[in-house]
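Colleague: Prediction below, plus the sequence it came from.
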Amino acid sequence: MADRRRVRIAAQYNAEDPFEIWHPDLADELNTEDSFRKVAAVYREGLFDFYFQAETAALPMGEKGVPEFRVMGRLDNLVTQSYLASLYPDLGFVATINTGNNLPYDLARRLHTFDILTNGRSGWNVVLGGNPHAHVNHRPKAVREKDVDRYVLGLDIVHYVLQALGGEGVGPQHGFAHYDQPERLLPPNRQGAPFTIQAGDSGHSRDLATSYADGMYTHYSDEVNGPAFYKDIHDRLKHHGRQPDTFKIYSRLAILVGNSAEDALERHKSLLRYQLHDRQVRSYAEQIWGKRFAELDPEGPLPEESPTEGHVVKLGLSYGLYLDGPADKAVARLRRISAERGGAPLRETLIFAAGTHYIMGSPVEVATELRRLVDLRATDGFVIAPHSAPHWLEPFVRLVVPVLQDWGVYAKAYHDETLRERVLREC
Amino acid sequence: MAALNPNMRRTLGLSVSAGQALRLFADLPAPLQATDLDTIDYLVIRDVIGDQAEEDYYAVLVASSAAARLERIGLVSEVDLYRSDPYLIARALTSLDILSGGRAGLLALGEPQGKQDVGYANTTLDASFVAEFFEVIGKLWNSWEKGALARRWEENLYLERSLLREANHKGAHFAVRGSLPTPRAVQDRPVLLVTDHPLHASVRTQAAAVVSERPPQQGRWIQRLNAASFATGAADTGAIGQLIDVPVTITDWRAFVLFVKGLTPGALTDASSKPQQLGELFGPTRVETHREQEAHHG
Ligand SMILES: Cc1cc2nc3c(=O)[nH]c(=O)nc-3n(C[C@H](O)[C@H](O)[C@H](O)COP(=O)(O)O)c2cc1C
């Protein structure tokens, strides 16, 4: 059936994920061998397209220093995933690596070995440097930091690496002479260049990604933002003379599966207070409204007061809250989200305001919604960010995957294929 | 050279290229039990740099892959310091140490290989470069103090920032702020091995050991030799241990296990006497960690 679209599923875990719960009673210790191994076993059982890891280029710095209230700390992605590939050879692996603080020669070498260790199922999630201050930790580059345009540098590095690994392509073009043609191409391996996906949002990064990558990673997947993003990306692909169906969009997603809709809702409600601590709700509210509140009930309605006149919200991407800018706009957005959810209380509203789409329900409801979003062309697939490690996605694997398989929109076994082939595979 | 404690057992390691290691362990059906590898303490996985060769294998990643399939033994990856970055190497070594339960170490590449001008502002190669590289790894090592991962829910405190240490390093070759983004390693100190190459001259006394064919002028000596010499009793009792090259004729894990079982080390050894952590094999590394540096300067 030509119009039956495959529902692509991948999942993230290496801590610092949105929605992540760290209460000691509800989550194992993070960043341990045990947690990685167990998570990989679940993803393997679920026949996910790949196991995804995000990257922290450097610890974030707030006004008082490194934030203390949320999950922090990550291992090296390629070291961790090389370890896991040895235990779970069928899995695919996508590692986020920034172009700001890695040199192309070293990066190409690492990705070459990574592809061998993953049996050709390696992927690189290209980020252009999530933390602009990360360079303070690194050996100075030949390009002076103040001269770096992250898009230009990023594209040069990507071109160098892809050419070194794939033997094809244009090579660096843009004028950082320090990264000219690779001296010697690396020996051929199964996949050549890794499957590349780029995380980004701005027009500039969309243009970059559609010029070379195999896909994009986005936080859009709802029925409004998803189709707009999807269409924009396909237009850009055509502009670059590329076939849109060779390029796949994956959306970050949070998910909660219950035995029934009521069960899911109940669990969601009972977990809210572990996702955002009472103190954190207050802290966010005061930063967004720009004022202190004598009384504030996280389970109550949003404060009725208006934000302080002229206050500007500066939360950064803390908790994925896209609320920065004039406070009255941010508060209006929260009020809208609360109203759309039938008057959701303050804490729940803040959680829904996080920049990751959140689906919950019974197994059939969740499967239906995933398929609907894919059919709507809101996205091609999902990278699920679990709430806690390592067991969070077990109900998804055991209850939702079989439904998708019954509908013929999900693989029933792994094939021995490269990651690129796996991602492009249709039903 | 410091006098050897006569009761200290001599260690035995095997040196294997990253390419050979891959071929040896690629089709292992299950993790090799500690008892299969009774006679050896650690593997050195040599970096295979493709500048001039048919193959290119990045030793740290191969070591990580091997760590998942080998129990109990140490994993020392050779690293091309000249073309890498101490922050990235400290993070990688810490990560492997966490995953392997304290079995990770590093052997600095001796002779520089290939083109040095790969995009770093400073490509000066001298012994002070290697010394400073080690210094920075020491300052970044375990920049999460014990207890930094607090997980105290009542206080809304996952992390205790007062227990994070910055490196704040400024030197001729590197400026590195820190901290590492990676939680604490298992081992209290990084296990750093060096060679008798002149570029390693300034770090031999700090290193866990010096790997060389002949006794080095300074540092704890690990004698490197081939399997045939070892079998005919060429092990030098002045060394703290021997490192034997795995013959290239050994190409699968069964042959490897037979080879390992055939080794008869001097005063050894059974699996139960093996230390849990790699560093215990060599005696303490003398690279200063951030805490000691603070004690000195603070
Ligand atoms: C869904 C998503 C996930 C991302 N994950 C990471 C990450 O793990 N690490 C990181 O440094 N940056 C991450 N980024 C941010 C990218 O670094 C940044 O957006 C990219 O460099 C392009 O920026 P621009 O879209 O503003 O041009 C992510 C971005 C998106 C949209």
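Modeller: Done, it's in.
Colleague: Check the gap between residue A:219 and residue A:147 for me.
Modeller: Distance, residue A:219 to residue A:147, by Cβ to Cβ, to the nearest Å: 30 Å. C-beta here means a position set from N, CA and C on the backbone, and glycine is covered the same way.
Colleague: For those two, work out which one has more neighbours and name it.
Modeller: Ranked by neighbour count (other Cβ atoms under 10 Å in any protein chain shown), residue A:219 and residue A:147 place residue A:219 first, with 21 against 10.
Colleague: Which residue of chain A lies farthest from its centroid?
Modeller: Going by Cα atoms, centre = their mean, the residue of chain A most distant from its centre is residue A:294, 37.1 Å out.
Colleague: Contacts only, for the residue of chain B found nearest the ligand.
Modeller: Using Cβ to the nearest ligand atom, the single residue of chain B nearest to the ligand is residue B:181, 10.7 Å away. Neighbour list for residue B:181: A:56, A:57, A:58, A:59, A:72, A:73, A:74, B:91 [criterion: Cβ atoms under 8 Å, 6 or more residues apart in numbering or on different chains].
Colleague: Any part of the longest strand belonging to chain A near the ligand?
Modeller: As assigned by DSSP state E, the longest strand anywhere in chain A is strand A:248-257. Yes: using Cβ under 6 Å from any ligand atom, strand A:248-257 reaches the ligand at residue A:252.
Colleague: how about that strand as CSV, C-alpha atoms only?
Modeller: What follows is strand A:248-257, C-alpha atoms only, in CSV (Å, rounded to 0.1, in the frame of the first residue of the first chain):
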residue,chain,number,x,y,z
LYS,A,248,13.8,12.2,7.1
ILE,A,249,12.6,14.4,9.9
TYR,A,250,12.7,13.1,13.4
SER,A,251,10.9,15.0,16.2
ARG,A,252,11.7,14.9,19.9
LEU,A,253,8.7,13.6,21.8
ALA,A,254,7.7,12.8,25.4
ILE,A,255,5.4,9.9,25.9
LEU,A,256,3.4,8.3,28.7
VAL,A,257,1.6,4.9,28.1
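Colleague: Run me through the strand neighbours of that strand, direction for each.
Modeller: When pairing is defined by DSSP bridges, strand A:248-257 lines up against strand A:215-218 (parallel), strand A:357-361 (parallel), strand A:381-384 (parallel).
Colleague: okay if I get the ones you listed as TSV plus mean neighbour count?
Modeller: Below are the strands paired with strand A:248-257 laid out as TSV (neighbours: other Cβ atoms under 10 Å in any protein chain shown):
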stretch	mean neighbour count
strand A:215-218	26
strand A:357-361	20
strand A:381-384	26
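Colleague: Minimum distance to the ligand: which of those has it?
Modeller: Closest among these, using Cβ to the nearest ligand atom: strand A:215-218, at 4.9 Å.
Colleague: any residues touching that closest one, and which ones?
Modeller: A:125, A:195-201, A:206, A:209-210, A:229, A:233, A:247-252, A:379-380, A:383, A:423.
Colleague: and residue 83, how many neighbours?
Modeller: Assuming you mean chain A. Residues lying near residue A:83 (other Cβ under 10 Å) number 28.
Colleague: Not quite, go with chain B.
Modeller: Residue B:83: 23 surrounding residues under other Cβ under 10 Å.
Colleague: what's around the spatially closest residue to it that is not a sequence neighbour, how many residues?
Modeller: Using Cβ to Cβ, 6 or more residues apart in numbering or on different chains and skipping residues adjacent in sequence, the residue nearest residue B:83 is residue B:118, 5.4 Å away. Neighbourhood size, residue B:118 [other Cβ under 10 Å]: 18.
Colleague: hang on, residue B:118 packs against residue A:107?
Modeller: No: between residue B:118 and residue A:107 there is no contact under Cβ atoms under 8 Å: 10.4 Å.
Colleague: what does chain A have sitting close to the ligand?
Modeller: So chain A meets the ligand at A:54-55, A:57, A:96, A:98, A:127-130, A:199-202, A:204-205, A:217-219, A:252 (Cβ under 6 Å from any ligand atom).
Colleague: Just the buried residues of those.
Modeller: With burial judged by 16 or more other Cβ atoms under 10 Å in any protein chain shown, the buried subset of the residues of chain A next to the ligand is A:54-55, A:57, A:96, A:98, A:127-130, A:199-200, A:205, A:217-219, A:252.
Colleague: any idea which of those is closest to residue A:355?
Modeller: Closest to residue A:355 out of these is residue A:219 (4.8 Å), distances taken as Cβ to Cβ.
Colleague: Surely that closest one is in contact with residue A:251?
Modeller: Yes: checked against Cβ under 8 Å, the pair residue A:219 and residue A:251 is within contact range at 6.8 Å.
Colleague: what residues are shared contacts of these two?
Modeller: By Cβ under 8 Å, 6+ apart, residue A:219 and residue A:251 have these common neighbours: residue A:357.
Colleague: gap between the residue lying closest to residue B:111 once chain neighbours are set aside and residue B:245?
Modeller: Nearest residue to residue B:111, sequence neighbours excluded (Cβ to Cβ, 6+ apart): residue B:197, at 6.0 Å. From residue B:197 across to residue B:245, the span is 17 Å (Cβ to Cβ).
Colleague: Name the residue in the two with the higher neighbour count.
Modeller: The neighbour comparison of residue B:197 against residue B:245 (other Cβ under 10 Å) goes to residue B:245, with 19 against 16.
Colleague: quick one: the more buried one and residue B:224 touch, right?
Modeller: Yes: in this structure residue B:245 lies within contact range of residue B:224 using Cβ under 8 Å: 7.4 Å.
Colleague: Touching both of those two, which residues are there?
Modeller: Joint contacts of residue B:245 and residue B:224 (Cβ under 8 Å, 6+ apart) are residue B:15.
Colleague: what about residue A:101, helix or strand, and which?
Modeller: Following DSSP states H and E, one finds residue A:101 outside all helices and strands.
Colleague: what about it, neighbour count?
Modeller: Count around residue A:101 with other Cβ under 10 Å applied: 20.
Colleague: Can you give me every residue that contacts it?
Modeller: By Cβ under 8 Å, 6+ apart, the contact set of residue A:101 is A:57, A:129, A:134, A:135, A:137, A:138, B:85, B:88.
Colleague: again, only using 10 Å
Modeller: By Cβ atoms under 10 Å, 6 or more residues apart in numbering or on different chains, the contact set of residue A:101 is A:57-58, A:129, A:131, A:134-139, A:141, B:85, B:87-88.
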